[in-house]
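Enquirer: please work out how this folds:
(4 chains)
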2 protein chains.
Amino acid sequence: MAKPNSPITEHLAYLLAQANREINRQLELRLSKEGVPVEQWRILKVLSDGNGHSMGELADAVLLNHPTLTKMIDRMVSDTLVYRVQDPNDRRKVLMFISDRGKVLSRKLNSLAVDQEEHILESYGDKSTSELKRLLESLIDSSN
Amino acid sequence: MAKPNSPITEHLAYLLAQANREINRQLELRLSKEGVPVEQWRILKVLSDGNGHSMGELADAVLLNHPTLTKMIDRMVSDTLVYRVQDPNDRRKVLMFISDRGKVLSRKLNSLAVDQEEHILESYGDKSTSELKRLLESLIDSSN
DNA sequence: TTGAAAATATTGAATATTCAAGAATTGAAG
DNA sequence: CTTCAATTCTTGAATATTCAATATTTTCAA
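Expert: Modelled structure (predicted):
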């Protein structure tokens, strides 16, 4: 008899993909109330520290590659949620800033995202959630 | 003083996305040795139980939506890795089967995927890995 | 048994993402 | 200095994904 292969559901890569897909779907659903994709929430959240962030830095932070980010930022500039400023210290760089309109939207989105986190805390539990976060952080660390 | 918002890196949704992206990137890298995207590995793995699986069932299992799966299967049929059979019991359905060529490839891919899991076990630890898997499974459960 | 609603899969058009190449600027070695 | 390599961002073409509509088959109520 040949040994049966372990099912795909036992692979860490698969479990991560599945969990990510599900949580992302839920978040998407909430943010759709404001007609905004998850990536734009991330961008606004990162920029809402009020500082300028270069495109490269942003791309890393929001988990998008450069061309995709450029095109998404183009849309957000059209919607006057963010704006570009050439970095005076290094003119290869572009610094992104959040606009007032962006700040207003960002607050609304944050509250929707917080709703979701609270919903997860309820159904999944306080302890499991913080333990899961801890493990994910350390997995990410150990991968660099 | 306004209370600063929690950074995005504290959101479960973000940590999941980040971890998933990283692990997926590593897996992608290994599978690229055989020139196969992660989704095809998943498809072959699910089908390698030798049974027929309908498109809907497959789409759920491999985390793709229907049209995307249809088009990916089209490619895999061209590559003679899988084939379609109309379900005799319900002719709305199409049953997917893995071919012999698909089985050979699937074995190679599995060994690459297992390599990765072992690499994670080494750098991240046995205990953390199994604990993380457990928590992910229960998060997925609690989301349904 | 018929006809309307539901389920399943695919298609084509609209969008979005990615890859490879390009433009601009900086860094740094000779 | 000058020039060549590296860095940063954007663009355009090639691919891939998604949404909405369609075709087919089944289910089930009247």
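
Enquirer: for the residue nearest the centre of chain A, which three-state class applies?
Expert: With distances taken as Cα atoms, centre = their mean, the residue of chain A nearest its centroid is A:Arg42 (4.1 Å). Recorded secondary structure, A:Arg42: helix (DSSP: H, G, I helix; E, B strand; the rest coil).

Enquirer: now the strands: where do they sit in chain A?
Expert: Counting by DSSP state E, chain A forms strands over residues A:53-54, A:82-86, A:94-98, given from the N-terminal end onward.

Enquirer: so can I have a markdown table of the ones you listed showing mean pLDDT, distance to DNA strand D and mean neighbour count?
Expert: Any C-beta I mention is one placed from the backbone N, CA and C, and that applies to glycine too. Below are those laid out as a markdown table (pLDDT from 0 to 100; distance: least, Cβ to the nearest atom of the strand, whole Å; neighbours: other Cβ atoms under 10 Å in any protein chain shown):
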| stretch | mean pLDDT | distance to DNA strand D | mean neighbour count |
| --- | --- | --- | --- |
| strand A:53-54 | 98 | 3 | 18 |
| strand A:82-86 | 97 | 6 | 14 |
| strand A:94-98 | 98 | 4 | 19 |
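
Enquirer: turn those strands into CSV, columns for distance to DNA strand C.
Expert: Written out in CSV, the entries for the strands of chain A read as follows (distance: least, Cβ to the nearest atom of the strand, whole Å):
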stretch, distance to DNA strand C
strand A:53-54, 12
strand A:82-86, 8
strand A:94-98, 11
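
Enquirer: picking up where we left off before, the closest residue to the residue nearest to the centre of chain A other than its chain neighbours and DNA strand C, how far apart?
Expert: The shortest distance from A:Arg42 to any residue that is not its chain neighbour, by Cβ to Cβ, 6 or more residues apart in numbering or on different chains, is 4.1 Å, and that residue is A:Val62. Spatial separation of A:Val62 from DNA strand C under the definition Cβ to the nearest atom of the strand, to the nearest Å is 11 Å.

Enquirer: residues touching A:Val62, list them.
Expert: By Cβ atoms under 8 Å, 6 or more residues apart in numbering or on different chains, the contact set of A:Val62 is A:Glu39, A:Arg42, A:Ile43, A:Val46, A:Leu69.

Enquirer: quick revisit: so which of the strands of chain A is nearest B:Val114?
Expert: strand A:53-54 (39.4 Å; Cβ to Cβ).

Enquirer: is that closest one up against chain B anywhere?
Expert: No: residues of strand A:53-54 contacting chain B under Cβ under 8 Å from any Cβ of the partner chain: none, with a closest distance of 12.2 Å.

Enquirer: neighbouring strands - and their directions - for that strand?
Expert: Each strand paired with strand A:53-54, and its direction, by DSSP bridges: strand A:94-98 (antiparallel).

Enquirer: relative to strand A:82-86, how tilted is the strand it pairs with?
Expert: Put simply, strand A:94-98 runs at 150 degrees to strand A:82-86, going by axes from the mean of the first three to the mean of the last three Cα atoms, to 10 degrees.

Enquirer: for strand A:94-98, what is the distance to the chain centroid?
Expert: With Cα atoms, centre = their mean, to the nearest Å as the basis, strand A:94-98 stands 17 Å off its chain's centre.

Enquirer: and if you look at stretch A:77-85?
Expert: Its chain's C-alpha centre and that of stretch A:77-85 lie 19 Å apart, by Cα atoms, centre = their mean.

Enquirer: end-to-end on that stretch?
Expert: In terms of Cα to Cα, to the nearest Å, the two terminal residues of stretch A:77-85 are separated by 12 Å.

Enquirer: also stretch A:80-100?
Expert: Stretch A:80-100 has an end-to-end distance of 9 Å (Cα to Cα).
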